[in-house]
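S.K.: Structure for the following, please:
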Amino acid sequence: MEPLDFDSDDLELTEEVLSRAYTRMRLGGEGERTRAHVTRDVLGPVGVDQLEFSFDVSHDADVMGRICVCSVQSGAIVRQYFPDGDEGRFGPGDVFLYTPHDQSYAGVIHRSRYNLLMLEPHLLNRVAAGVPGRRPVPVRLTGDRPVSAAAARHLRHTIGHLRNAVRADPDLPGKPLLVSTATQYVAAGVLSTFPNTALTDPTAGDRNDAHPATLRRAVAYIDEHAHTDLCVADIAAAVHVSIRTLQCAFRRHLDTTPMRYLRRVRLAHAHAELLAADPTTGVTVTAVANRWGFFQPGRFAAAHRAAYGTTPHETLLHRGP
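M.R.: Below is the predicted model:
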């Protein structure tokens with residue numbers, strides 16, 4: 001995916017640009033003003049688009065190859081076709097799966113402004129495991145509507161926050177741990193919002209393998225590789241257990257999750273870096289937080305205070321609260 005900033009009142013040009021940006025599609029428009037405005041912000045394998053159409057536009061599109069989640073801000077979107085689902089009309093505040101990554105789609109956009117969150121399907125496997133079998137089966141979304149209103153609100157806020165974060169920091173895509181943290185956070189948010197095939201409860205075999213030795217190997221691996229791009233699937237593979245076994249071991253012996261433990265380790269590194277820094281050299285809390293994968297300043301500050309009793313800024317200046 002590439003960043004995009006497009007504005008035009010030419011329907012033919014709009015069809016051409018959207019076909020390049022998404023997938024081959026056919027557009028039809030109604031109304032005197034046919035202006036379309038599309039922007040895309042990209043963070044690694046995730047894109048957040050904002051689209052605005054000042055007219056009613058129909059679309060009939062080929063397979064996109066990406067998971068596409070829509071968050072409507074104004075106007076209405078009518079979906080005319082959805083595999084194994086129903087047609088639907090979505091308005092302001094609604095969040096829905098626009099299309100499965102491997103299916104074509106069609107619909108009508110009625111003078112609407114909306115966000116599209118797009119992510120590569122493999123990201124779901126970085127944060128969860130599918131049903132076990134002889135062959136690993138990719139995690140799939142099985143429903144197009146949120147499991148709850150609260151889940152929809154959380155994902156809508158996540159989409160908005162991610163878009164704002166990328167816009168506020170043009171250098172964000174060049175910070176590997178931030179990209180990793182943000183994309184995993186988004187993928188986990190999508191899994192929490194829509195029905196899916198991820199298996200979260202450990203099997204009997206998982207529970208049997210979740211012994212202290214598994215935990216020790218996992219903790220050692222995390223401690224050694226906390227500065228790298230890690231996901232729960234990477235950690236499980238490194239210690240030769242399933243994701244569910246890994247999660248069960250951390251819950252049973254540390255009452256936490258592998259990713260929470262990873263964040264705790266990275267927080268300790270960030271704290272040590274703030275303590276060792278000379279504030280007169282231009283070091284900033286934001287830079288240190290970003291280096292260790294914290295892309296939400298408020299959450300970083302809250303976690304730091306909870307763990308160390310001081311704000312990150314106070315630590316940088318080497319003084320107590």
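
S.K.: any idea how far the helix or strand containing residue 118 is from the chain center?
M.R.: Remark: residue 118 resides in strand 105-119, with elements defined by DSSP states H and E. Its chain's C-alpha centre and that of strand 105-119 lie 18 Å apart, by CA atoms, centre = their mean, to the nearest Å.

S.K.: Go ahead and name everything in contact with the following helix or strand past it.
M.R.: Sequence order places helix 123-127 as the next helix or strand after strand 105-119, per DSSP H and E. Applying CB atoms under 8 Å, 6 or more residues apart in numbering, the external contacts of helix 123-127 come out as 45-46, 67, 136, 138-141, 183-184, 186-188, 190-191, 196, 198, 231-234. No exception for glycine: its C-beta is placed from N, CA and C like everyone else's.

S.K.: And stretch 175-188, by the same measure?
M.R.: 43-46, 117, 119, 123-124, 126-128, 158-159, 162, 165, 172-173, 227-231, 259, 266, 290-295.

S.K.: What about these, which are in strands?
M.R.: 43, 46, 117, 119 (DSSP state E).

S.K.: does residue 305 really touch residue 315, like I thought?
M.R.: No: applying CB atoms under 8 Å, one finds residue 305 not in contact with residue 315, separated by 9.6 Å.

S.K.: Who has more neighbours out of the two?
M.R.: Looking at residue 305 and residue 315 with other CB atoms under 10 Å, you find the greater number of neighbours at residue 315, namely 25 against 15.

S.K.: Give me the distance between that one and residue 211.
M.R.: Taking CB to CB, to the nearest Å as the measure, residue 315 falls 37 Å from residue 211.

S.K.: that older thread, for ChimeraX, write the select line for the buried members of the contacts of stretch 175-188.
M.R.: Provided next is the ChimeraX selection string for whichever of the contacts of stretch 175-188 are buried by 16 or more other CB atoms under 10 Å:
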select :43,44,45,46,117,119,123,124,126,127,128,158,159,162,165,172,173,229,230,231,259,266,290,291,292,293,294,295
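
S.K.: rewinding a little: distance to residue 282 and pLDDT for the ones in strands among the contacts of stretch 175-188 - can I get that in CSV?
M.R.: Formatted as CSV, those follow (distance: CB to CB, whole Å; pLDDT from 0 to 100):
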residue, distance to residue 282, pLDDT
43, 26, 88
46, 30, 91
117, 35, 95
119, 35, 92
